[in-house]
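>>> Kindly return the folded structure for what I paste below:
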Amino acid sequence: MRNRFRDVAIAGATAAVAVFLLVAVRPVAGQAPAVARPQTAGQAPATVQFPANYKAPRTADGKPDLSGIWEAMVTADIDVQDHDAQPGPHADIMGAYGAWPGGQGIVEGGEIPYKPEALAQKKANADKRMVVNITPDSQRHDTGDPELKCYLAGVPRSNYLPFPFQIIQGTEHIMMSYEFARGLRTIYMNENDKNIPKEAPADSWMGWSRGHFEGETLVVDSAGFLPYTWFDRAGDYHSDSLHVVERYTPVSPYHMMYEATIDDPQVFTRPWKMSFPLYRRMEKNVQLVDFNCVEFVLDMLYDQYSKKPGK
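Residues are numbered from 1 along each chain as shown. The predicted model follows:
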């Protein structure tokens, strides 16, 4: 009797949840279609309703104004694909302080289309992400997650580190200032300025970026990257052929949808995308706080070369 009652109760609850979800995900007249977030197996999709045809405030030249401090609320810095929580390095002394959270991936379709040899390199990167090799220079970046060593995080990783970043928008340039490692990007917006090279003058950690607006969306085309940055702590990486096209689309006063198309024919069999929302930081008098991590890694990187008594 007890089991029959339990079965009836479970069936009734399941039906009630199904009816609730059917009503909850039905579009409301006059609103934009609901955006489904990534979901874990067995869970119903969560939805977000944004105003239809939202238009952002305008700058003096009539462009959408994206200025402000923004932050991603994803765990993609751990792994851009779905991942479980895991103990961090030195769990024997760090406990939960050093543990890494689980999370849902930001890769559209869930799969990164690695070439077979590149997938092997990704796995090797993951195995050696805590290995630090400073000399010789030719092997400086062969091991160790660049984030571990406080190197600039690159693009698109800088946008989903667990730190805020600031967009400062002008008419000729857009600056993106990142809290982590004092990272900085300049996006050149004047496509007709002959003084601004279309191609990168030299490869760099953050690449060479040119931008334009397509309606409400800021489109940023970046290339000229050094091959040393990773996409996450799981060892996902790229070569110096990396080409990234980002799309920043405001969908409310407090949210932007971010999309990055990754193309690197040396590493991947085809282009692939990642996407997630960015949230405007709304605290009173909010500002970036300095995270100059260089001083935090000096002992780890150079302690073996320091002159100390007894050495």
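
>>> remind me which residues of this protein are low pLDDT?
1-48, 136-138, 306-311 (pLDDT under 70).

>>> Next, name the residue at the spatial heart of it.
residue 160 (2.9 Å; CA atoms, centre = their mean).

>>> Hmm, residue 276 and it touching each other?
Yes: between residue 160 and residue 276 there is a contact at 6.7 Å, judged by CB atoms under 8 Å. In short, each C-beta sits where N, CA and C put it, glycine included.

>>> who touches both of those two?
72, 74, 76, 106 (CB atoms under 8 Å, 6 or more residues apart in numbering).

>>> what's the closest of those to residue 145?
Each of those was checked against residue 145 using CB to CB; the closest is residue 76, at 13.8 Å.

>>> What is the neighbour count of the closest one?
Using other CB atoms under 10 Å, residue 76 has 27 other residues around it.

>>> now swap in the one 5 residues further on and tell me
For residue 81, the count of nearby residues is 19 (other CB under 10 Å).

>>> where does it land in three-state SS?
Three-state assignment for residue 81 (DSSP: H, G, I helix; E, B strand; the rest coil): coil.

>>> name the element the spatially closest residue to it that is not a sequence neighbour belongs to?
Distance criterion CB to CB, 6 or more residues apart in numbering; nearest residue to residue 81, sequence neighbours excluded, is residue 105 at 4.1 Å. Per DSSP states H and E: residue 105 is located in neither a helix nor a strand.

>>> Same list (the shared contacts of residue 160 and residue 276) but as JSON lines, adding distance to residue 244 and secondary structure.
JSON lines is the format used below for the shared contacts of residue 160 and residue 276 (distance: CB to CB, whole Å; DSSP: H, G, I helix; E, B strand; the rest coil):
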{"residue": "72", "distance to residue 244": "16", "secondary structure": "strand"}
{"residue": "74", "distance to residue 244": "17", "secondary structure": "coil"}
{"residue": "76", "distance to residue 244": "15", "secondary structure": "coil"}
{"residue": "106", "distance to residue 244": "14", "secondary structure": "coil"}
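
>>> With distance to residue 301 added, can I get the residues you listed in JSON lines?
Shown next, in JSON lines, are those (distance: CB to CB, whole Å):
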{"residue": "72", "distance to residue 301": "28"}
{"residue": "74", "distance to residue 301": "28"}
{"residue": "76", "distance to residue 301": "26"}
{"residue": "106", "distance to residue 301": "30"}
